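Asker: Quick check, what structure comes out for this input:
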Amino acid sequence: MEARKQSEDQRPNKEILSVSICEKPCQTRIMPYSMPDLMQLIVSERAEALHVYSGAAPVLEVKRALHRLEGPALKPGEVDELFRALVGPDNLSEFVEAGIVSFDFHFEDAAVFQVMVFRDDGHIRLEIRRFR
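Answerer: As a prediction, this is how the structure comes out:
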């Protein structure tokens, strides 16, 4: 019993400190959607596509019917983050130059997606189609 008490007393203090990397006070922002979760949803629901744009929650296309996901509307910066989670440097350069890019994205061993990215009213819009 004394050995157990002694080991408990020697545990490091588990107090967690929060440190901000912002120079000015900033607000923590939590991304409402993640690209791996969205791609897994396409696979598990056997969807043909996912449409992602600002001002609305992502839309899943299943058997040619559109189904808006329950959740918050995406902000333009959030769509940009989702795009950056998929794009490589070459495709990013092409998008910056042309304003449109299309490429294949391999999601784990589960699927291959054709990703089309373009600007619509100045905002990035993603169309992710299941290829196989």
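
Asker: what's the longest strand in this structure?
Answerer: What stands out as the longest strand in the chain, according to DSSP state E, is strand 111-120.

Asker: And that strand, how far out from the chain middle?
Answerer: Put simply, strand 111-120 sits 13 Å off its chain's centre (C-alpha atoms, centre = their mean, to the nearest Å).

Asker: Repeat that for stretch 65-83.
Answerer: Distance, stretch centre to chain centre, for stretch 65-83: 9 Å (C-alpha atoms, centre = their mean).

Asker: pull the CA atoms of that stretch into PDB?
Answerer: Output in PDB follows, covering the C-alpha atoms of stretch 65-83 (Å, rounded to 0.1, in the frame of the first residue of the first chain):
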ATOM      1  CA  ALA A  65     -30.500  13.000 -55.500                       C
ATOM      2  CA  LEU A  66     -28.900  15.900 -53.600                       C
ATOM      3  CA  HIS A  67     -28.800  15.700 -49.800                       C
ATOM      4  CA  ARG A  68     -27.500  18.600 -47.700                       C
ATOM      5  CA  LEU A  69     -25.600  17.400 -44.700                       C
ATOM      6  CA  GLU A  70     -26.900  18.500 -41.300                       C
ATOM      7  CA  GLY A  71     -24.400  21.000 -39.900                       C
ATOM      8  CA  PRO A  72     -23.300  24.600 -40.200                       C
ATOM      9  CA  ALA A  73     -22.800  26.400 -43.400                       C
ATOM     10  CA  LEU A  74     -19.200  26.700 -44.600                       C
ATOM     11  CA  LYS A  75     -17.400  30.000 -44.600                       C
ATOM     12  CA  PRO A  76     -15.200  30.900 -47.600                       C
ATOM     13  CA  GLY A  77     -12.000  30.300 -45.600                       C
ATOM     14  CA  GLU A  78     -13.200  26.900 -44.500                       C
ATOM     15  CA  VAL A  79     -13.700  25.800 -48.100                       C
ATOM     16  CA  ASP A  80     -10.200  27.000 -48.800                       C
ATOM     17  CA  GLU A  81      -8.900  24.800 -46.000                       C
ATOM     18  CA  LEU A  82     -10.700  21.800 -47.300                       C
ATOM     19  CA  PHE A  83      -9.200  22.400 -50.700                       C
END
